[in-house]
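*Asks:* Got a sequence here, can you model it:
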Amino acid sequence: MLIFWNNTIRFVRFFFSAILGLFLTISYPILTLFKQSKYATIIIVLMFVFLILLINILKLMLGIEL
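*Replies:* Predicted structure coming up:
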């Protein structure tokens, strides 16, 4: 039974490290664009619009009214 729990813990650690690696791989090109000031404002606005759009889609899908 100890082997099962060791494997379970290893799987959870692998899952979180894979998610972190995916996030870093996706965010690296965006972070390099922040170094140029003319792209920084565009990226911030696009991220804000994406976040608002995502929140609205989830509210409609789940039937949540605030």
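
*Asks:* What segments of the chain are helices?
*Replies:* Secondary structure of the chain (DSSP state H): helices at 2-33, 37-62.

*Asks:* Tabulate these (a markdown table), appending mean pLDDT and mean neighbour count.
*Replies:* Placement of C-beta: from N, CA and C, glycine included. Formatted as a markdown table, these follow (pLDDT from 0 to 100; neighbours: other CB atoms under 10 Å):
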| stretch | mean pLDDT | mean neighbour count |
| --- | --- | --- |
| helix 2-33 | 93 | 10 |
| helix 37-62 | 91 | 10 |
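
*Asks:* Could you chop the protein up by domain?
*Replies:* Annotated domains of the chain cover 1-31, 34-66 [automatic domain parsing].

*Asks:* Please state the offset of the first one from the chain centre?
*Replies:* Put plainly, it is domain 1-31. Computed by CA atoms, centre = their mean, to the nearest Å, the chain-centroid distance of domain 1-31 equals 13 Å.

*Asks:* likewise stretch 35-42?
*Replies:* 21 Å.

*Asks:* Name the surrounding residues that touch that stretch.
*Replies:* For stretch 35-42, the external contacting residues (CB atoms under 8 Å, 6 or more residues apart in numbering) are 33, 34.

*Asks:* tell me the centre residue of the protein?
*Replies:* Note on the chain: the residue nearest the mean C-alpha position is residue 23, at 5.8 Å, using CA atoms, centre = their mean.

*Asks:* how close does it sit to residue 16?
*Replies:* Distance of residue 23 to residue 16, computed by CB to CB, to the nearest Å: 11 Å.

*Asks:* Need the residues touching each of the two.
*Replies:* Shared contacts of residue 23 and residue 16, defined by CB under 8 Å, 6+ apart, are absent.
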